[in-house]
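Asker: here is my input, please return the structure:
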Amino acid sequence: MGRGHPPPSPTLPFCWAGVGGGAGLRRWQRRSGRAGPGKGGTGPRSADGRAVEVTGPDAGGGGGSSSGFLHGRRRRQERRAWPAQRPALIEMLQPQFKSHNTNEVLEKLFQIVPGENPYRFRDPHQCRRCAVVGNSGNLRGSGYGQDVDGHNFIMRMNQAPTVGFEQDVGSRTTHHFMYPESAKNLPANVSFVLVPFKALDLLWIASALSTGQIRFTYAPVKSFLRVDKEKVQIYNPAFFKYIHDRWTEHHGRYPSTGMLVLFFALHVCDEVNVYGFGADSRGNWHHYWENNRYAGEFRKTGVHDADFEAHIIDMLAKASKIEVYRGN
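Answerer: Now for the predicted structure:
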């Protein structure tokens, strides 16, 4: 179960004080020079004891930062920022099958993916409460569903079925984060958030929303995707790189989807509550829809470092940046 709630914030009446990535995160940055509060005021630290910063690659902070994703219909002055991000785009987007000019890929993408930055403007007097819902088997029997559904934003990732599991995981979704290889059709009221690993992934989303020409990356992918085009968002590879460099510190080949979603939430939300991360109470790593408790061996694959990511989550929880619900 999660820790007890701290008292309500006097400045954000519907948020818990200091929790999340919006005003609470910005107050943390101002007080301590962008390192969070820890024992003795030294701030939370990485595994080797170094203080860590909490801002994104553009120091945008939370509650409206655009650092976490790429979006279409940018104004001309915003487009000038692309060259500064291209090194990170090139570094993080792994080449596959053939090289692609990053600028051409982005231009094509922004012709297909519409919409302004949905996080730019918001009411500063309202609290944006966000639930980041992982896929851990510790959600089975947790009864968290109603609590999850009470948030403004509910972020899920990859498969994440809800039908039949509503009592434990909730029924609502506002953001669904997926790779091309895990993509599925979504209801019109859900934002599809693409997490791209390679330039081909950006070409795929443009194709899947228009011509349907791309049917294979390193595995078969959906040629057409039925989602609300107005709600499509692209996770920014520069932000991906920031998390890999500054938070997971290159432990594992790359951060897990859960870690990427968590930091996205910390930069657009005022309060962040985390469900369904980590092992169950018996120490087993599996998914909540799997009946076999021993089915999830991802901890040992080397792709992600689950132990190091668990340390980061614990550090953020101890600093009251997030609230973690451990389930069963």
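
Asker: every contact and neighbour count from this point should use C-alpha atoms.
Answerer: Noted.

Asker: tell me where the stretch 51-200 of the chain has strands.
Answerer: Counting by DSSP state E, counting those that start in this stretch, the segments of the stretch 51-200 of the chain that form strands are 69-70, 129-133, 153-157, 175-178, 191-194.

Asker: quick one: least confident helix or strand in this structure?
Answerer: helix 23-32 (a mean of 39; mean pLDDT, DSSP states H and E).

Asker: save the strands of the stretch 51-200 of the chain as CSV, and put in mean neighbour count, mean pLDDT and distance to Phe264 too.
Answerer: Formatted as CSV, the strands of the stretch 51-200 of the chain follow (neighbours: other Cα atoms under 10 Å; pLDDT from 0 to 100; distance: least, Cα to Cα, whole Å):
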stretch, mean neighbour count, mean pLDDT, distance to Phe264
strand 69-70, 20, 72, 8
strand 129-133, 25, 98, 10
strand 153-157, 24, 99, 10
strand 175-178, 22, 98, 10
strand 191-194, 24, 96, 11
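
Asker: closest to His304 out of these?
Answerer: Closest approach to His304 among the strands of the stretch 51-200 of the chain (Cα to Cα): strand 153-157, 15.5 Å.

Asker: what angle do the closest one and strand 129-133 make?
Answerer: With axes from the mean of the first three to the mean of the last three Cα atoms, to 10 degrees as the basis, strand 153-157 and strand 129-133 are set at 20 degrees to each other.

Asker: offset the numbering so it begins at 183, please.
Answerer: Let's use 183 as the start, then, which means that last one is strand 335-339.

Asker: quick one: strands adjacent to strand 335-339?
Answerer: strand 311-315 (parallel), strand 357-360 (parallel) (DSSP bridges).

Asker: would you list the ones you listed in TSV and tack on distance to Val414?
Answerer: Compiled in TSV, those are given as follows (distance: least, Cα to Cα, whole Å):
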stretch	distance to Val414
strand 311-315	18
strand 357-360	9
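
Asker: who wins for proximity to Trp386 among these?
Answerer: Nearest of the strands paired with strand 335-339 (Cα to Cα): strand 357-360, 12.7 Å.

Asker: what's the closest one in contact with?
Answerer: By Cα atoms under 8 Å, 6 or more residues apart in numbering, the residues outside strand 357-360 that reach it are 335-340, 372-377, 439, 443.

Asker: turn the residues you listed into JSON lines, columns for distance to Pro362.
Answerer: Converted to JSON lines, the contacts of strand 357-360 look like this (distance: Cα to Cα, whole Å):
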{"residue": "Phe335", "distance to Pro362": "22"}
{"residue": "Ile336", "distance to Pro362": "21"}
{"residue": "Met337", "distance to Pro362": "17"}
{"residue": "Arg338", "distance to Pro362": "15"}
{"residue": "Met339", "distance to Pro362": "12"}
{"residue": "Asn340", "distance to Pro362": "10"}
{"residue": "Val372", "distance to Pro362": "17"}
{"residue": "Ser373", "distance to Pro362": "15"}
{"residue": "Phe374", "distance to Pro362": "11"}
{"residue": "Val375", "distance to Pro362": "10"}
{"residue": "Leu376", "distance to Pro362": "7"}
{"residue": "Val377", "distance to Pro362": "8"}
{"residue": "Thr439", "distance to Pro362": "13"}
{"residue": "Val443", "distance to Pro362": "16"}
